[in-house]
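**Q** Next one to model:
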Amino acid sequence: MPNLNNVLETLAENYSACDVSDALLKIQHVPEGSTVRAGYLADLVPFSPLVGRNATVPRVAAPATTFKFVAKASTVPPLTIATNENHSFPPGKHWVDYAGDYEATHSPGVGSIVVIEQPEGQYCAVTGGIMATRMKFLGIKAAVIGGRVRDLKELSGTGLPVWARGTSTVGTNAEAKPAARNVPISIGGLTVSPGDIVFCDPLEGVVVIPRELLGPVMEIMPRLTRMDEKAKQAVAQGMSVTEAFTTFRSPL
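**A** Here you go, the predicted model:
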């Protein structure tokens, strides 16, 4: 694999989230009977630096740094890792202060994207202005929240791309607490593991590339996009979609 920074720059500059999903559909194997997700983290909306889908904010891609939140009343450490210093939060340390640790250890100089799992059905926010400000200082490239955020003016002021399912006026402590870091998490049923490549496309959405599939995805996407461009040009000149697909979308 070439230099990771160069690969991620090529990904962000030349492809869309849809291109990534098209590639994953071709090469990713899923258990029989399961729903094919092709890396898509569904129902996330960009709340910073601009609210809503747009084509003016640059795309960004980086390895995932993961955080798992649980219900405030929960007493059972998830994955029985409460005593593991690589995954837990020592007393007196705020979770966001660990946002840059995984990248510093595994991909120094590349940066990372924070991905947070929040329990389903909660109404509090797990990220706000102070957390976003800290992430920005630590060099985090974006934050993807499988839950809610608040302090939208402050979030936008940081310039940090922030994606979430929704917003809240309520602070984290009302319902949630951080339980683990650098562990596999689930966002809407899709697993995100530490180091997986998160691709935030402000227009199309957020997709996750399993780290081991980054090379194959980057290899196959140029061919897929060339085929689609030829098909699009042919359709624009009057060819039927069926004929265009048959002509230009050859099996891989």
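**Q** all contacts plus neighbour counts: C-alpha atoms, from now on.
**A** OK.
**Q** Give me the contacts around stretch 42-62.
**A** 8-9, 11-13, 110-113, 141-142, 146, 152, 155-166, 188, 197-206 (CA atoms under 8 Å, 6 or more residues apart in numbering).
**Q** which among these end up buried?
**A** Among these, those classed as buried by 16 or more other CA atoms under 10 Å are 8, 11-12, 110-113, 141-142, 146, 152, 155-156, 158-166, 188, 197-206.
**Q** Go through these and flag which are in strands.
**A** 113, 142, 146, 162-166, 197-201, 205-206 (DSSP state E).
**Q** Which two among those residues are spaced furthest apart?
**A** By the measure CA to CA, Gly166 and Ile197 form the most distant pair in those, at 22.9 Å.
**Q** How about the backbone phi and psi for Gly159?
**A** phi 80, psi 0 (degrees, to the nearest 10).
**Q** how about the nearest residue to Gly166, chain neighbours excluded?
**A** Arg148 (4.8 Å; CA to CA, 6 or more residues apart in numbering).
**Q** Helix, strand or coil: sort out that neighbour for me.
**A** Secondary structure, DSSP: H, G, I helix; E, B strand; the rest coil: Arg148 is strand.
**Q** returning to that earlier point: closest to Gly129 among the ones in strands among the buried ones among the contacts of stretch 42-62?
**A** Val162 (10.8 Å).
**Q** Could you measure from the closest one over to Pro2?
**A** Distance, Val162 to Pro2, by CA to CA, to the nearest Å: 28 Å.
**Q** Could you list the domains of this structure?
**A** 4-211, 217-248 (automatic domain parsing).
**Q** could you give the mean pLDDT of stretch 120-135?
**A** Stretch 120-135 carries an average pLDDT of 97.
**Q** what distance separates the start and the end of it?
**A** Termini of stretch 120-135 sit 24 Å apart (CA to CA).
**Q** So which bits of that stretch are buried?
**A** 122-129, 131-135.
**Q** What does Trp95 show for phi and psi?
**A** Torsion angles, degrees, to the nearest 10, at Trp95: phi -60, psi -40.
**Q** His87 is in contact with that one, correct?
**A** No. Between Trp95 and His87 there is no contact under CA atoms under 8 Å: 10.5 Å.
**Q** Common neighbours of the two, please.
**A** Between them, Trp95 and His87 share no contacting residue, judged by CA under 8 Å, 6+ apart.
**Q** In helices only, show me the buried residues of stretch 120-135.
**A** For those, membership in helices holds for Gly129, Met131, Ala132, Thr133, Arg134, Met135, with DSSP state H as the criterion.
**Q** Any idea what Ile197 is bridged to?
**A** Pro63, Ile209 (DSSP bridges).
**Q** quick revisit: tell me the one among the ones in strands among the buried ones among the contacts of stretch 42-62 nearest to Gln233.
**A** Distances from Gln233 to those, taken by CA to CA, are shortest for Asp201, at 24.1 Å.
**Q** Might one say that that closest one is in contact with Ser16?
**A** Yes. Between Asp201 and Ser16 a contact is recorded at 6.4 Å, counting by CA under 8 Å.
**Q** Which of the helices and strands in the chain ranks last by mean pLDDT?
**A** helix 101-106 (a mean of 76; mean pLDDT, DSSP states H and E).
**Q** what does that one rub up against?
**A** So helix 101-106 is in contact with Pro63, Thr65, Gly109, Val110, Gly111, Ser112, Asn182, Pro194, going by CA under 8 Å, 6+ apart.
**Q** Between all of those residues, which two are separated the most?
**A** Farthest apart among the contacts of helix 101-106 - using CA to CA - are Gly109 and Asn182, which lie 18.1 Å from each other.
**Q** out of these two, which sits in the more crowded spot?
**A** Asn182 (21 against 12; other CA atoms under 10 Å).
**Q** Quick check: chain neighbours aside, which residue is closest to the more buried one?
**A** Thr66 (4.9 Å).
**Q** what about that neighbour, which SS state?
**A** strand.
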